[in-house]
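In: Structure for the following, please:
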Amino acid sequence: MNKSAARMFGAATLLVIVDQLIKFLVVTELKGKPAISLIGPLNADSDVSVLRFVFVSNTGAAFGLGSNFTLVISLIAIAVVIGLSKWMLKITDPIWMIAATLLFGGALGNLVDRVIREPQVLRGHVVDFISIGKFPVFNFADICISLAAVVMIYAALTKREPERLR
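Out: Numbers count the residues shown, from 1 in each chain. The predicted structure follows:
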């Protein structure tokens, strides 16, 4: 494994550790308890907090879509993580390295939930906890995945090649 790939896997591992530590705290401190409002409603007519932390057990994919297909989503996540890990060995462009690291770390963070959390292996629920207004609740791993998408769009628009001959 080359140095760049080792750095990407190391950084992705750090992202997964941060994700799982945060989720551990969320489960410990928020499960079965009321949400913590960090920024309340902006006006008296609204009952929706701008930013709050709340425990949500997500059985589906993004925004809870596919909640009846947890096993299928888990298998797709495994395939994505395997495919990304193979691709990461070939990437030479620094911008694509950042994108792949964020995507790998986020995908693996949510996959860990699906493996270790209730109700059973590969059918586990992902812990979501960040609530912004009426937007669906999400987590740190989701932020990593979203940032990866932004970086990939930038890389594509600037016509950066992820791999080049060495």
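
In: Tell me the buried residues in the one helix or strand residue 113 maps to?
Out: Using DSSP states H and E, residue 113 sits within helix 94-116. Within helix 94-116, the residues scored as buried using 16 or more other C-beta atoms under 10 Å are 95-114. C-beta: built from backbone N, CA, C; applies to glycine.

In: Can you spell out which helices and strands pack onto that helix?
Out: Applying 3 or more C-beta pairs under 8 Å, 6 or more residues apart in numbering; DSSP states H and E, one finds that helix 94-116 makes contact with helix 3-30, helix 70-88, strand 126-132, helix 140-157.

In: which neighbours does the next helix or strand after the longest one have in its sheet, and in what orientation?
Out: Right, the one you point to is helix 3-30. Sequence-wise, the next helix or strand downstream of helix 3-30 (DSSP H and E) is strand 36-39. Next to strand 36-39 in the sheet, as set by DSSP bridges, lie strand 51-58 (antiparallel).

In: Identify the residue nearest the geometric centre of this protein.
Out: When C-alpha atoms, centre = their mean is applied to the chain, the residue found nearest the centroid is residue 141 (2.1 Å).

In: Can you give me the distance of the closest residue to that one other than its chain neighbours to residue 144?
Out: Spatial nearest neighbour of residue 141, chain neighbours left out: residue 109 (3.4 Å); criterion: C-beta to C-beta, 6 or more residues apart in numbering. For residue 109, the distance to residue 144 equals 7 Å [C-beta to C-beta, to the nearest Å].

In: any common contacting residues for those two?
Out: Listed contacts common to residue 109 and residue 144 are 15, 19; contacts here mean C-beta atoms under 8 Å, 6 or more residues apart in numbering.

In: where does this protein dip in pLDDT?
Out: 44, 165-166 (pLDDT under 70).

In: hmm, try it at 90
Out: Along the chain, segments meeting pLDDT under 90 span 1, 39-50, 59-70, 134, 163-166.

In: Could you double-check that residue 97 lies in contact with residue 6?
Out: No - counting by C-beta atoms under 8 Å, residue 97 stays clear of residue 6, with 11.4 Å between them.

In: picking up where we left off before, between helix 3-30 and the helix holding residue 113, find me the angle.
Out: Here helix 94-116 points in a direction 40 degrees away from that of helix 3-30 (axes from the mean of the first three to the mean of the last three C-alpha atoms, to 10 degrees).
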